[in-house]
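# Below is the structure, and that's it, no one-letter string:
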């Protein structure tokens, strides 16, 4: 299935490789501010993709994925600060594994009960889980959530930190894109999308729904956790409120909605549009920033319920149908 | 022993507020299946309207409740017919959640712009003369707050059970198609439900203003409280909201007394998740649209 999918999408893959090549040149060409914007777009797109594994493919909209960003960030942070003193690079490498691992374990613990809920109930339960974890992180002293945690610097040797994190995020985004592409075009991807349309029918037709959604939830959590570790390092200093942010959870949904739910290019389009709009175009209007973000959200759901890719697709079909007549 | 009674008494006062602030949320969820994430923002609007009337016009906050309710009734109707209905038709119920979140952000930003982000509180003349009954301290302000919460909840239960509007709302909640076949204008009923919900959120806001200092970012907290109350008590009925609210109030004061003052929130959300897993319909579960 996968090799056929690669053949079918060969021009997309060529385009992706060219784009990644172009993206790799960005830090040499653009000013540091735009490199930071690019960093944010990559982070957002990668988070959106990690979310879409369970949200877009299987239709389980998690409203609490920020929990995994926070878990990953604090697990890796505590690990590096307590156990890996003086070895920032090795610590960061192992920290990625620790962050992803802790997120995956936490997801595995809640997966079975929580994935029995559907629709809004699942969304709300995930919101609740992320709030519980945030409160515990903030109030139990050994996690240092309210005091904050200073992470070791990994951008040593006089390298520009924004370029270093740009490249780390670029690599992470490529890895997650490959994973998402492989899953979407494998047997499990077909099963997930069947579940999204009608879970009971999919189950009746022999899709192992329970196993598929649990494994996807854990994978999605692990990837989000690893991204949380990278994000924490790019901040340098983390507290509960800087990583357990409900906006993160909601933004992951917004990027997918804006780009196109359940597609791979969707989160990229969505995050590019949102980040450029909110950071570059509206960056000066801090006092009404929230108002405009809210208004954008409302307009988005009302005007483009299927996202930007949905618009294009509708246009394409209309043209084709017109040509056939 | 006295400590226990005091904790429960404080919990009950707080619980009355929780119940009133959640009842509108519960109604919308029960009748339309829409999760209104801007509910807390509407509560805050009520608080600021009452504050403005007290501060600028000298109106007693309890007397300010009816005009606040009237204003937010209109706001709720327009909001539902103008935005929510469109979102539900064009997209899905889960996506309408994003619309309400967007509106919450807009309202919060507007409140900050108009009233500044500082803490505000409403302090009428009769504030601060505690009443001691058998060693347990009651603040008359808080008692007035609890009493008005209970009266309003009773009024809503009466409206839903006895009046024509209430009957139509309940019928639409049970089965929209059947209600429409009987000549009910379902769109209008949804608008009315939202309006009633916003009115009660506003009343809750006015009462919250008397009891607790408030600022615009609190809206998130009140939305979350409403969530927990509804999942505890059950969707769609004032009785469920009352039970859930009182339980949450006692739980909240109890947790801060027994475990530590920084843990009520963690406890609250843990209970929320547990309740969803064990009994998603709530203690007094009602099989309305949202919980099916």
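Noted; the coordinates are in hand. These figures come from a predicted structure and were not determined experimentally.
# where are the low-confidence patches of the stretch 51-200 of chain B?
Applying pLDDT under 70 to the stretch 51-200 of chain B picks out residues B:94, B:125-129.
# and it, which residues reach chain A?
B:83, B:86-87, B:90-99, B:101-106, B:108-110, B:112-113 (CB under 8 Å from any CB of the partner chain). The C-beta positions use only the backbone N, C-alpha and C, and glycine is treated the same way.
# Show me where chain B has its helices.
B:2-32, B:39-57, B:65-79, B:85-90, B:93-115, B:140-162, B:164-174, B:176-181, B:186-211, B:219-233, B:238-258, B:264-278 (DSSP state H).
# one step back: any of the residues of the stretch 51-200 of chain B next to chain A buried? List them.
B:83, B:86-87, B:90-91, B:93-99, B:101-106, B:108-110, B:112 (16 or more other CB atoms under 10 Å in any protein chain shown).
# Would you list the phi and psi of residue B:59?
phi -80, psi 130 (degrees, to the nearest 10).
# which non-adjacent residue is nearest it?
Excluding its sequence neighbours, the residue lying closest to residue B:59 (CB to CB, 6 or more residues apart in numbering or on different chains) is residue B:53, at 4.3 Å.
# What of residue B:101?
Going by CB to CB, 6+ apart, residue B:101 has residue B:37 as its nearest residue, at 4.4 Å.
# The one you found: what's it in contact with?
B:97, B:100, B:101, B:104, B:223 (CB atoms under 8 Å, 6 or more residues apart in numbering or on different chains).
# can you list the residues you listed in JSON lines and add distance to residue B:43?
Rendered in JSON lines, the data for the contacts of residue B:37 read as follows (distance: CB to CB, whole Å):
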{"residue": "B:97", "distance to residue B:43": "18"}
{"residue": "B:100", "distance to residue B:43": "13"}
{"residue": "B:101", "distance to residue B:43": "15"}
{"residue": "B:104", "distance to residue B:43": "11"}
{"residue": "B:223", "distance to residue B:43": "8"}
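# Name the nearest of those relative to residue A:160.
Nearest to residue A:160 out of these is residue B:101 (CB to CB; 36.4 Å).
# for chain B, what are the nearby residues on the stretch 201-325 of chain A?
A:246, A:250, A:253-254, A:257, A:287-291, A:293-298, A:300-302, A:305.
# buried ones in the helix or strand where residue A:123 lies?
Using DSSP states H and E, residue A:123 maps to helix A:119-139. Buried positions in helix A:119-139, judged by neighbour count with 16+ other CB under 10 Å: A:120-139.
# pLDDT weak spots in chain A?
A:1, A:155-158, A:315-325.
# Now do the strands in it.
Per DSSP state E, chain A carries strands over the ranges A:149-150, A:237-238.
# picking that back up, from the buried residues of helix A:119-139, which are also near chain B?
A:120-121, A:123-125, A:127-129, A:131-132, A:135-136, A:138-139.
# Find the nearest non-adjacent residue to residue B:253, please.
Per CB to CB, 6+ apart, closest to residue B:253 is residue B:11, 4.0 Å.
# That neighbour: neighbour count?
23 (other CB atoms under 10 Å in any protein chain shown).
# show me what contacts it?
B:246, B:249, B:250, B:251, B:252, B:253, B:254.
# Report the separation between it and residue B:147.
16 Å (CB to CB, to the nearest Å).
# Same check on residue B:131?
13 Å.
# And for residue A:207?
56 Å.
# before we move on, what about residue B:174?
32 Å.
# same question, residue A:189
Counting by CB to CB, the gap from residue A:189 to residue B:147 is 58 Å.
# So between those two, which is more surrounded?
More crowded of residue A:189 and residue B:147, by other CB under 10 Å: residue A:189, with 22 against 13.
# Excluding residues flanking it in the chain, which one is nearest the residue of the stretch 151-292 of chain B found nearest chain A?
In the stretch 151-292 of chain B, the residue that lies nearest chain A is residue B:266 (3.6 Å; CB to the nearest CB). Leaving aside its sequence neighbours, residue B:266 sits nearest to residue A:135 (CB to CB, 6+ apart; 3.6 Å).
# Am I right that that neighbour is in contact with residue B:259?
No. Applying CB atoms under 8 Å as the test, residue A:135 and residue B:259 come out as separate, 12.0 Å apart.
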